[in-house]
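J.: coords below, sequence missing:
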Ligand code: HEM
């Protein structure tokens with residue numbers, strides 16, 4: 001109790017100093033000369049602008065700062081200096097040309113470490129041997145094109161569930177709100193790939209609820225940036241909720257892990273051949289190098305966090321883009337008609353749309369690329385960090401500094417893209433400015449939706465396939481029109497950037 005009072009008093013004092021004495025004091029923060037420029041900063045609160053703006057406004061704040069200070073600025077968020085880059089050449093330098101130097105991640109907040117297994121997940125691991133093993137396992141074992149192909153029966157099943165659900169809603173004669181159906185389709189698909197079982201709907205929905213709560217906490221833990229050591233005493237309820245969600249996830253995942261272990265032993269004993277491989281199987285076998293160079297098996301908690309990572313990372317991002325693309329097809333009926341005609345010409349009146357057909361649909365691919373360019377679900381990358389002191393744009397960025405890049409400054413750059421805010425898939429066809437665009441950005445950055453370099457998104461191929469597969473099936477089965485006169489395309493920040501008003505459409509089954 002005494003501690004609590006002391007904390008509150010010192011907090012109040014700092015806020016008082018920061019807010020009321022700011023006109024008199026230019027800089028109380030002992031800022032290193034070397035960091036890129038930025039607004040004045042103060043103890044505890046960092047930049048005063050956080051007293052006037054919420055984190056949700058960070059993008060517009062950064063645009064204003066870019067106009068004042070240039071394409072590389074330093075913000076102070078609580079105690080943490082954060083360097084933000086908004087220029088494609090500088091971004092290419094740190095992500096690709098000197099990628100190894102900037103491939104580390106900064107230390108994660110304690111609250112996130114509780115949820116993310118002490119940084120033992122691919123996205124948060126420090127750049128080093130353990131990250132290499134985890135990432136190679138994810139890309140070579142789970143996300144390798146041949147493995148993705150093996151999972152095609154899961155996609156067919158998820159596609160049927162989605163179309164069935166949309167048809168049921170359409171039969172009621174009401175406009176459909178598609179978001180939940182999209183989310184369930186993508187989530188269940190990832191669940192089956194992750195756990196290797198045709199899990200029942202009830203179980204999938206339970207896992208989905210826990211993952212959803214983890215996402216909600218992920219957004220709230222921002223407050224711990226300001227109070228990294230004492231946050232759990234200042235916000236005891238939030239801290240308790242985080243612990244509670246973590247326990248619920250354990251209660252769900254641990255029995256599945258145990259069952260899977262036993263199943264693998266049984267399969268090995270019997271020599272069964274028709275065994276559907278899963279991400280979980282690879283994690284059960286995986287060995288991580290420890291600090292002394294020895295190998296060790298993953299703990300149960302680490303396995304839980306790695307499964308959780310793929311479910312969260314692969315769902316919200318893909319669903320956000322899927323919804324935005326469908327909203328654009330509702331809004332631009334001519335583009336929807338073009339997609340439909342292209343699919344019909346290739347697939348004809350066959351019952352099922354085979355995945356191989358997707359490779360013969362260049363306009364569909366262009367629509368997906370345009371969706372990714374215009375509606376990146378992450379407006380910032382996951383934070384990077386240099387492993388040693390580094391110079392960028394003439395400024396020194398000390399080792400371990402948090403560095404981030406503004407994705408939308410690349411994707412919506414009017415010097416690269418004509419009318420970047422218009423939905424114009426043709427730009428990705430022959431002769432268009434996006435023709436043959438290398439989405440991995442190896443030579444230059446024009447679109448940064450999946451990041452670039454060593455830490456670029458390993459789920460790129462899977463996400464593209466899911467987007468193409470579901471958009472193609474939904475356009476083939478239904479004609480989509482707006483339920484309201486206007487489709488509101490404005491977006492807001494949740495875990496990712498999503499449509500502020502979820503898409504509501506009238507869908508009519510097509511006659512074949
Ligand atoms: C449209 C869908 C997706 C988008 C736009 C997207 C975007 C991103 C971005 C911007 C990053 C950060 C890159 C960086 O820090 O430089 C990232 C990292 C990551 N993504 Fe995705 N992602 C998508 C789908 C997926 C899927 C389907 C999976 C897995 C099934 C996945 C797994 C990951 C992982 C594990 C990382 C961390 C990589 C590392 O730190 O080494 N993502 N993604």
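T.: Good, I have the coordinates. It should be emphasised that the depicted structure is a prediction, and the values quoted were computed from it without experimental measurement. Residues are numbered from 1 along each chain as shown.
J.: If you count neighbours, what's buried in stretch 338-355?
T.: For stretch 338-355, burial by neighbour count (16 or more other C-beta atoms under 10 Å) applies to 338, 339, 340, 342, 343, 346, 347, 353, 355. Any C-beta I mention is one placed from the backbone N, CA and C, and that applies to glycine too.
J.: for stretch 239-252, what is the average pLDDT?
T.: Average pLDDT, stretch 239-252: 87.
J.: how about it: buried residues?
T.: By 16+ other C-beta under 10 Å, the buried positions in stretch 239-252 come out as 239, 242, 245, 246, 249, 252.
J.: you'd agree the second one is in a helix?
T.: Yes - under the criterion used here (DSSP: H, G, I helix; E, B strand; the rest coil), residue 242 sits inside a helix.
J.: how close does it sit to residue 425?
T.: 42 Å (C-beta to C-beta, to the nearest Å).
J.: out of the buried residues of stretch 338-355, which are inside helices?
T.: Members of these lying in helices (criterion: DSSP state H): 338, 339, 340, 342, 343, 346, 347.
J.: quick check, nearest of those to the ligand?
T.: Nearest to the ligand out of these is residue 339 (C-beta to the nearest ligand atom; 18.4 Å).
J.: Contact partners for the residue of the chain found nearest the ligand?
T.: The nearest approach of the chain to the ligand comes at residue 459, 2.2 Å away (C-beta to the nearest ligand atom). Residues in contact with residue 459, defined by C-beta atoms under 8 Å, 6 or more residues apart in numbering, are 143, 310, 313, 314, 317.
J.: surely the first one meets residue 463?
T.: No - look at residue 143 against residue 463 with C-beta atoms under 8 Å: they stay out of range, at 9.8 Å.
J.: what's the burial count for residue 430?
T.: Applying the criterion other C-beta atoms under 10 Å, we find 9 residues in the vicinity of residue 430.
J.: Can you tell me the element it falls in?
T.: Under DSSP states H and E, no helix or strand contains residue 430.
J.: Report the contact partners of the residue lying closest to residue 260 once chain neighbours are set aside.
T.: Once flanking residues are discounted, residue 260 sits nearest to residue 280: 5.4 Å by C-beta to C-beta, 6 or more residues apart in numbering. Neighbouring residues of residue 280 by C-beta under 8 Å, 6+ apart: 194, 195, 196, 256, 257, 260, 303, 307.
J.: buried stuff in the helix or strand where residue 280 lies?
T.: Using DSSP H and E, residue 280 maps to helix 279-285. Buried residues in helix 279-285, defined by neighbour count with 16+ other C-beta under 10 Å: 279, 280, 281, 282, 283.
J.: can you check stretch 394-405 too?
T.: 395, 397, 401, 402, 403, 404, 405.
J.: Next: stretch 419-433.
T.: Neighbour counts using 16+ other C-beta under 10 Å place 420, 423, 424, 425, 426, 427, 428, 432 of stretch 419-433 among the buried residues.
J.: Within reach of the ligand, which of those residues are there?
T.: With the criterion set as C-beta under 6 Å from any ligand atom, no member of these is near the ligand.
J.: For these, give me a markdown table that also has distance to residue 479, pLDDT and secondary structure.
T.: Listed next are the buried residues of stretch 419-433 as a markdown table, based on distance: C-beta to C-beta, whole Å; pLDDT from 0 to 100; DSSP: H, G, I helix; E, B strand; the rest coil:
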| residue | distance to residue 479 | pLDDT | secondary structure |
| --- | --- | --- | --- |
| 420 | 29 | 97 | coil |
| 423 | 18 | 98 | coil |
| 424 | 22 | 98 | coil |
| 425 | 19 | 98 | helix |
| 426 | 22 | 98 | helix |
| 427 | 25 | 98 | helix |
| 428 | 24 | 98 | helix |
| 432 | 27 | 96 | coil |
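J.: Now the residue of the chain closest to the ligand. Its backbone dihedrals?
T.: Torsion angles at residue 459 (phi, psi; degrees, to the nearest 10) stand at phi -90, psi 10.
J.: And for residue 165?
T.: Main-chain torsions, residue 165, degrees, to the nearest 10: phi -70, psi -40.
J.: From the buried residues of stretch 239-252, pick the one nearest residue 162.
T.: Nearest to residue 162, judged by C-beta to C-beta, of the buried residues of stretch 239-252 is residue 252 at 23.6 Å.
J.: need the residues of the stretch 301-450 of the chain near the ligand, please.
T.: Residues of the stretch 301-450 of the chain lying near the ligand (C-beta under 6 Å from any ligand atom): 309-310, 313-314, 317-318, 321, 377-378, 381-382, 449-450.
J.: Now list the buried members of those residues.
T.: With burial judged by 16+ other C-beta under 10 Å, the buried subset of these is 309, 310, 313, 314, 317, 318, 321, 377, 378, 381, 449, 450.
J.: now the residues you listed as TSV including pLDDT, distance to residue 165 and secondary structure?
T.: Below are those laid out as TSV (pLDDT from 0 to 100; distance: C-beta to C-beta, whole Å; DSSP: H, G, I helix; E, B strand; the rest coil):
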residue	pLDDT	distance to residue 165	secondary structure
309	95	27	helix
310	95	23	helix
313	92	24	helix
314	95	20	helix
317	97	21	helix
318	98	17	helix
321	98	20	helix
377	97	23	coil
378	96	27	coil
381	97	34	coil
449	98	28	coil
450	98	29	coil
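J.: will you turn those residues into CSV that also has distance to residue 289?
T.: Formatted as CSV, those follow (distance: C-beta to C-beta, whole Å):
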residue, distance to residue 289
309, 20
310, 22
313, 24
314, 26
317, 30
318, 32
321, 36
377, 33
378, 30
381, 26
449, 32
450, 28
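J.: got the contact list for stretch 420-438?
T.: 328, 331-332, 335, 362-363, 365-367, 369-370, 373-374, 411-414, 416-418, 446-447.
J.: Can you get me the start-to-end distance on it?
T.: One end of stretch 420-438 to the other measures 18 Å (C-alpha to C-alpha, to the nearest Å).
J.: chain center to that stretch, what's the gap?
T.: 23 Å (C-alpha atoms, centre = their mean, to the nearest Å).
J.: quick one: stretch 243-250 to chain centroid distance?
T.: Between the centre of stretch 243-250 and the centre of its chain there are 22 Å (C-alpha atoms, centre = their mean).
J.: Equivalent analysis for stretch 300-308, please.
T.: Mean-position distance between stretch 300-308 and its chain equals 18 Å (C-alpha atoms, centre = their mean).
J.: Kindly report the same for stretch 370-385.
T.: Chain-centre distance of stretch 370-385: 8 Å, with C-alpha atoms, centre = their mean.
J.: same check, this time on stretch 204-211
T.: Centre-to-centre, stretch 204-211 and its host chain are 18 Å apart (C-alpha atoms, centre = their mean).
J.: So which residues on the stretch 1-150 of the chain come close to the ligand?
T.: Counting by C-beta under 6 Å from any ligand atom, the stretch 1-150 of the chain comes close to the ligand at 122, 123, 135.
J.: which residues touch the first one?
T.: Spelled out, it's residue 122. 131, 134, 135, 138, 306, 309, 458 are the contacts of residue 122 under C-beta under 8 Å, 6+ apart.
J.: For residue 458, see how far away it is.
T.: Distance of residue 122 to residue 458, computed by C-beta to C-beta: 7 Å.
J.: residues touching residue 260, list them.
T.: With contact set as C-beta under 8 Å, 6+ apart, residue 260 has these partners: 195, 196, 197, 278, 280, 281, 284.
J.: Next, the buried residues of stretch 134-148.
T.: For stretch 134-148, a neighbour-count test (16+ other C-beta under 10 Å) marks 134, 135, 137, 138, 141, 142, 143, 147, 148 as buried.
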